[in-house]
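1. Sequence unavailable; structure follows:
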């Protein structure tokens, strides 16, 4: 992954239009999944991911080649995406009339088996994630769903590395105890 | 399963349309649909700037291959044409002018764009010589380059390159499926192609009216209103001007190369 993105930055620096589709292909699953787990809404996650890629492309168009080569690509793209996610959450707060459902509904059209898995384990964990405070939620999602390093998360969220580490571990602890409570019910 | 691997399993694939939507929005991939035209169904591609190509390919695969070769980016089919294109594309193809349809000429040189913009203003059912376009865009010596630019017209029919012909009365080349299609399109538009050719072969380049003392390209709508009794024929602009005639302000006749 790291060597792949390193190679990608140099190809982007040389031929932005030629290499950008590869960037989108390589980062789309992580960007969409991360936005989905931060926002809990498929449609919004898709819009955020699309918007983040388009903004990234326009920004890269204005960067000199050397600057593109030095980018930590995933952390940088997530700087854009995390901001967009936060803006979505804020605009929900401004119009609070029931628009925040907080759960990840099973995809329509999934078979009964998929729905069962989704609601029993995946759905439950996804719902618990959405119950975490924003700082912990973003740190946990970027670390364990998207798979970023602490340095990349520190870039993306513009928080010190130590703060990010502690947000992740406190977030995990909260998830564990929340899931534990669910099991005891 | 421990918590961390459960969190990893929350990672899912992006929806099918996401990558295409991003590439379309950034102009790195175009989309296309099949539309009717006077020459039968054509492939029409577009991006966020407008229509990018019109092509009479024998199959979708052939169109996609050719598009990638010419423009260096992929093109993918789309079920629903975006409204700004959908509203105007069929009219533009049928009438042979862009009208309100946005056309993306951004990949072309300034010269090519100038040729195509001027060509787009030639009225339906009329023709102009290659040399006239060259003169109109301020490059009177660039007649061959005009021909080349028109041969590379990415949006034939929408920008009516079929209305630019040789001054000797032959129609010249046509990029969309060959020269015969140029005749088909002009005849559909009501041009008497054989009549125009006969006139050109006999050396007539312009016609004038004895009553107005104005001279025109033979296919100009003003020229077609001249009655036979008042009609005068000229072999050159100089001859017309020498006889005291002035150039029509609509078709702007000039020395055809």
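-> Perfect, I can see it now. The structure displayed is predicted, hence computed values, not measured ones. Residues are numbered from 1 along each chain as shown, chains lettered A, B, ... in the order given.
2. What is the subsequent helix or strand relative to the helix or strand residue A:52 falls within?
-> Here residue A:52 sits within helix A:42-61, counting by DSSP states H and E. Sequence-wise, the next helix or strand downstream of helix A:42-61 (DSSP H and E) is helix A:65-69.
3. Check which residues of that following helix are buried.
-> residue A:68 (16 or more other Cβ atoms under 10 Å in any protein chain shown). Yep, even glycine has a C-beta here, placed from its N, CA and C like the rest.
4. What are the contacting residues of that helix?
-> Applying Cβ atoms under 8 Å, 6 or more residues apart in numbering or on different chains, the external contacts of helix A:65-69 come out as A:9, A:10, A:12, A:13, A:14, A:16, A:60.
5. residue of the stretch 101-250 of chain B with the smallest distance to chain A?
-> residue B:107 (11.3 Å; Cβ to the nearest Cβ).
6. Same question for the stretch 51-200 of chain B.
-> Counting by Cβ to the nearest Cβ, the stretch 51-200 of chain B gets nearest chain A through residue B:73, at 7.3 Å.
7. Would you confirm that that residue contacts residue B:29?
-> Yes - when contacts are counted by Cβ atoms under 8 Å, residue B:73 is listed as touching residue B:29 (5.9 Å).
8. Helix, strand, or coil at residue B:134?
-> Secondary structure assignment for residue B:134 (DSSP: H, G, I helix; E, B strand; the rest coil): helix.
9. show me what contacts it?
-> Residue B:134 neighbours (Cβ under 8 Å, 6+ apart): B:140, B:141, B:142, B:143, B:145, B:146, B:257.
10. mind running it again at 7 Å?
-> B:140, B:142, B:143, B:146, B:257 (Cβ atoms under 7 Å, 6 or more residues apart in numbering or on different chains).
11. if I've got this straight, the first one is in a helix?
-> Spelled out, it's residue B:140. No - under three-state DSSP, residue B:140 falls outside any helix and is assigned coil.
12. which parts of chain A sit against chain B?
-> A:17, A:20-21, A:24-25, A:28-29, A:32-33, A:36-37, A:46, A:49-50, A:53-54, A:57, A:121-122, A:125-126, A:140, A:144-145, A:172, A:175-176 (Cβ under 7 Å from any Cβ of the partner chain).
13. which of those count as buried?
-> Buried, going by 16+ other Cβ under 10 Å: A:20-21, A:24, A:28-29, A:32-33, A:36-37, A:46, A:49-50, A:53-54, A:57, A:122, A:125-126, A:140, A:144-145, A:172, A:175, out of the residues of chain A next to chain B.
14. my guess is residue B:19 contacts residue A:23, does it?
-> No - between residue B:19 and residue A:23 there is no contact under Cβ atoms under 7 Å: 10.4 Å.
15. By mean pLDDT, flag the weakest helix or strand of the chain.
-> Since you didn't name a chain, this refers to chain A. helix A:112-117 (a mean of 42; mean pLDDT, DSSP states H and E).
16. nope, chain B
-> helix B:16-25 (a mean of 89).
17. Next, the angle helix A:42-61 makes with it.
-> 30 degrees (axes from the mean of the first three to the mean of the last three Cα atoms, to 10 degrees).
18. mind showing which ranges of chain A have poor pLDDT?
-> Scanning chain A for pLDDT under 70 picks out the ranges A:1-5, A:95-122, A:185.
19. Run a quick neighbour tally on the closest residue to residue B:244 other than its chain neighbours.
-> Distances taken as Cβ to Cβ, 6 or more residues apart in numbering or on different chains put residue B:213 closest to residue B:244, at 6.2 Å, once the chain neighbours are dropped. Summarising burial for residue B:213: neighbours were counted as other Cβ atoms under 10 Å in any protein chain shown, giving 13.
20. hang on, isn't residue B:213 packed against residue B:245?
-> Yes - counting by Cβ under 7 Å, residue B:245 is a contact partner of residue B:213 at 5.2 Å.
21. Walking through chain B, point out its strands one by one.
-> B:30-35, B:42-47, B:50-55, B:75-77, B:128-129, B:164-165, B:206-209, B:214-216, B:231-234, B:246-247 (DSSP state E).
22. Kindly reformat these as TSV containing distance to chain A, mean neighbour count and mean pLDDT.
-> Compiled in TSV, those are given as follows (distance: least, Cβ to the nearest Cβ, whole Å; neighbours: other Cβ atoms under 10 Å in any protein chain shown; pLDDT from 0 to 100):
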stretch	distance to chain A	mean neighbour count	mean pLDDT
strand B:30-35	13	20	94
strand B:42-47	12	25	94
strand B:50-55	14	24	95
strand B:75-77	12	17	92
strand B:128-129	36	25	94
strand B:164-165	32	26	95
strand B:206-209	48	24	96
strand B:214-216	47	26	96
strand B:231-234	52	16	96
strand B:246-247	46	16	94
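23. Turn those strands into CSV, including distance to residue B:119.
-> Formatted as CSV, these follow (distance: least, Cβ to Cβ, whole Å):
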stretch, distance to residue B:119
strand B:30-35, 21
strand B:42-47, 18
strand B:50-55, 14
strand B:75-77, 24
strand B:128-129, 8
strand B:164-165, 6
strand B:206-209, 20
strand B:214-216, 19
strand B:231-234, 24
strand B:246-247, 20
